[in-house]
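>>> Mind looking at a prediction? Sequence and model below.
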Amino acid sequence: MGIHEGRVAVVTGAAGGIGREHALEFARQGAKVVVNDLGPAQDVVDEIRAMGGEAVADKSDISEWDGAGQLIKTALDTFGDLHILVNNAGILRDKMFVNMDIDMWDAVIKVHLRGTFAPTKHAVAYWREKHKAGNPVDHPRIINTSSPSGLYGNVGQSNYGAAKAAIASFTVILSDELARLGITVNAIAPSALTQMTEGLDTYVAAMAEIKERTGFDAGSPANIAPIVVWLASAEAADVTGRVFNVKAGSISVAEGWVKGPGVSRDARWDPAELGEVIPGLLAEARPNSDGSGVPRA
């Protein structure tokens, strides 16, 4: 008996990488899984069925309104309920901003941001109707996928980082709006070796060094699934509106924007005065973080 026995989970972008590992772990924990992807989702379904689990493939385009609706319908038609939505689907179109075109921007924003909004909207509509009817779904959960690029920045990923930062904010806001329905909303900012990170030579080399030195496959996307599966459980009922950094065997809570050093007075500032004010505030303020979330020296 796993922690999700009898529950129904939808995972987008689940044909490979991190999403595949989410789907497999949910199945190991007893969940019935809808494996969504435009790629070979059936391969993951076959893996789940081979281990004795229940799963169905869905090839809906979740960045389209009707496709997202069809995804949720697939869960309800196949398994009769929905408890968990993991918004994981994503693409990369990396380019330095001066060389980025509008199509690269739009494609990434659409898949990541609209592809998080649309399935969430359809899932919440179902949960809200059940709640209004006096028959609420047990422990409805949303887990979104942000990124270190969205929280801390990364050169060459202005489109991807902007989308992932928006998803983090979406998570915080939605957690407050949906609390009255008993829906928790959290996010992860994962780092793992997948098709999306295979071009990051420094990261790939660092993960290879850890594996050679310790035997631990630090870069495996399987390392990301445990916290997602736990956040989707009944035990995580009091956890909502948080973003977690997840990498190898490390988990940390991402602390959001905070109001840092400041100055105020009961009068309007003259721009000419600020040259003597702003540098001092910056000298007191914590610097922006590097790509791993550590404040720069």
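Good, I have the coordinates.
>>> ok, longest helix in this protein?
As assigned by DSSP state H, the longest helix anywhere in the chain is helix 158-178.
>>> which strand residues sit across from the residue nearest the centre of the chain in the sheet?
Centroid check for the chain by C-alpha atoms, centre = their mean gives residue 145 as the closest residue, at 0.8 Å. Bridge pairing for residue 145 (DSSP bridges) gives the partners residue 188.
>>> What count of nearby residues applies to residue 39?
Per other C-beta atoms under 10 Å, the neighbour tally for residue 39 reads 15. Bear in mind the C-beta positions are built from the backbone N, C-alpha and C, glycine included.
>>> Same question for residue 117.
By the measure other C-beta under 10 Å, the count of residues near residue 117 is 19.
>>> Can you give me the separation between it and residue 181?
Residue 117 sits at a distance of 17 Å from residue 181 (criterion: C-beta to C-beta, to the nearest Å).
>>> Pretty sure residue 248 sits against residue 210.
Yes: counting by C-beta atoms under 8 Å, residue 248 does reach residue 210; the two are 7.0 Å apart.
>>> Neighbour count for those two, which is higher?
residue 248 (19 against 15).
>>> picking up where we left off before, check contacts around the residue nearest to the centre of the chain.
Residues near residue 145 by C-beta atoms under 8 Å, 6 or more residues apart in numbering: 18, 86-88, 90, 116, 164, 167, 187-188, 190.
>>> What pLDDT is listed against it?
Here the pLDDT value assigned to residue 145 is 98.
>>> ok, now the one 3 residues further on?
Residue-level confidence at residue 148 comes out at 96, pLDDT.
>>> again, but for the one 10 residues further on
Residue 158 is assigned a predicted lDDT (pLDDT) of 98.
>>> Just give the number of residues close to it.
By the criterion of other C-beta under 10 Å, residue 158 has 19 neighbours.
>>> wouldn't it be in contact with residue 97 here?
Yes: with contact defined as C-beta under 8 Å, residue 158 reaches residue 97; the gap is 4.9 Å.
>>> rewinding a little: quick check: neighbours shared by residue 248 and residue 210?
The contact sets of residue 248 and residue 210 overlap at 216, 218-219 (C-beta under 8 Å, 6+ apart).
>>> Give me the buried subset of those.
With neighbours counted by 16 or more other C-beta atoms under 10 Å, these contain buried members at 218-219.
>>> would JSON lines of the shared contacts of residue 248 and residue 210 with pLDDT, secondary structure and distance to residue 35 be doable?
What follows is these, written out as JSON lines (pLDDT from 0 to 100; DSSP: H, G, I helix; E, B strand; the rest coil; distance: C-beta to C-beta, whole Å):
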{"residue": "216", "pLDDT": "88", "secondary structure": "coil", "distance to residue 35": "27"}
{"residue": "218", "pLDDT": "89", "secondary structure": "coil", "distance to residue 35": "26"}
{"residue": "219", "pLDDT": "91", "secondary structure": "coil", "distance to residue 35": "23"}
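>>> which of the shared contacts of residue 248 and residue 210 lies closest to residue 121?
The nearest member of these to residue 121, counting by C-beta to C-beta, is residue 219 at 33.7 Å.
>>> for the closest one, what are its contacts?
Counted by C-beta under 8 Å, 6+ apart, residue 219 has contacts 192-193, 203-204, 207-208, 210-211, 248.
>>> okay, the longest helix of the chain in CSV with CA atoms only?
Only the C-alpha atoms of helix 158-178 are listed here, as CSV (Å, rounded to 0.1, in the frame of the first residue of the first chain):
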residue,chain,number,x,y,z
SER,A,158,15.1,35.3,-20.6
ASN,A,159,12.0,33.6,-22.1
TYR,A,160,12.3,30.4,-20.0
GLY,A,161,13.2,32.3,-16.9
ALA,A,162,10.4,34.7,-17.3
ALA,A,163,7.9,31.9,-17.7
LYS,A,164,9.3,30.0,-14.7
ALA,A,165,9.3,33.1,-12.5
ALA,A,166,5.7,33.7,-13.4
ILE,A,167,4.8,30.1,-12.5
ALA,A,168,6.4,30.7,-9.0
SER,A,169,4.2,33.8,-8.5
PHE,A,170,1.2,32.0,-9.9
THR,A,171,1.8,29.3,-7.3
VAL,A,172,1.9,31.7,-4.4
ILE,A,173,-1.2,33.6,-5.5
LEU,A,174,-3.2,30.6,-6.3
SER,A,175,-2.5,29.0,-2.9
ASP,A,176,-4.2,31.9,-1.2
GLU,A,177,-7.2,31.9,-3.6
LEU,A,178,-7.8,28.2,-3.4
